[in-house]
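Sharing a model prediction with you, sequence too.
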Amino acid sequence: MTATTFDPVSSVSLTASAQKYFASKLVKQPGKLIRLSTKESGCTGFSYVLDIVSEPLGEDTVLSFDGVTLAVDSKSVGMLNGTEIDLVREGVNEVVKFNNPNVVAECGCGESFSVS
């Protein structure tokens with residue numbers, strides 16, 4: 001495992017509500033962390049992938065947020081740089097939202113995106 005640590009201000013950040021949400025998911029899984037990556041998907045190009053894992057993979061960027069460790073896939077870090085992850089309420093549902101300044105287009109359903 002080779003992990004690189006970056007300043008969360010210049011890479012990926014979590015809002016307070018997202019931190020609380022992820023911390024609640026990890027509380028029953030000591031030693032685990034959240035891994036953020038992307039995959040080719042949908043009509044626009046890419047989709048976000050969140051997984052609970054035991055350790056960072058490869059050369060993931062590792063960020064710490066008050067009890068939550070986030071690993072960002074090294075292949076995705078360029079298109080995710082500056083992204084804020086938030087948890088918002090939409091009706092009766094809570095939804096993880098990605099506020100990514102690199103996105104130039106999103107599909108109509110919001111499941112995929114493209115970057116320049």
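Received, thanks.

Quick one: distance of stretch 67-75 to the chain centre.
How far stretch 67-75 lies from its chain's middle: 7 Å, per Cα atoms, centre = their mean, to the nearest Å.

low pLDDT regions in this protein?
For the chain, applying pLDDT under 70 flags the ranges 1-10, 42, 44, 107-112.

how about the helices in it?
Counting by DSSP state H, residue ranges of the helices within the chain are 16-26, 77-80.

Looking at those, which is nearest to residue 38?
Among these, the nearest to residue 38 by Cβ to Cβ is helix 77-80 (6.4 Å). For the C-beta atoms, the positions are set from N, CA and C on the backbone; glycine is no exception.

So what touches that closest one?
Contacts with helix 77-80, where a contact means Cβ atoms under 8 Å, 6 or more residues apart in numbering, come from 11-12, 36, 38, 46, 61, 72, 100, 102, 115.

Mind telling me which residue is nearest the centre of this structure?
residue 36 (4.0 Å; Cα atoms, centre = their mean).

Need the nearest residue in space to it, chain neighbours excluded.
Counting by Cβ to Cβ, 6 or more residues apart in numbering, residue 72 is the residue found nearest to residue 36 once chain neighbours are left out, at 5.1 Å.

partner residues bridging that neighbour?
Here residue 72 sits in beta bridges with residue 36, residue 61, going by DSSP bridges.

residues contacting it?
Each residue near residue 72 by Cβ under 8 Å, 6+ apart is listed here: 11-12, 35-37, 60-63, 80.

That's all I had, so thanks and see you.
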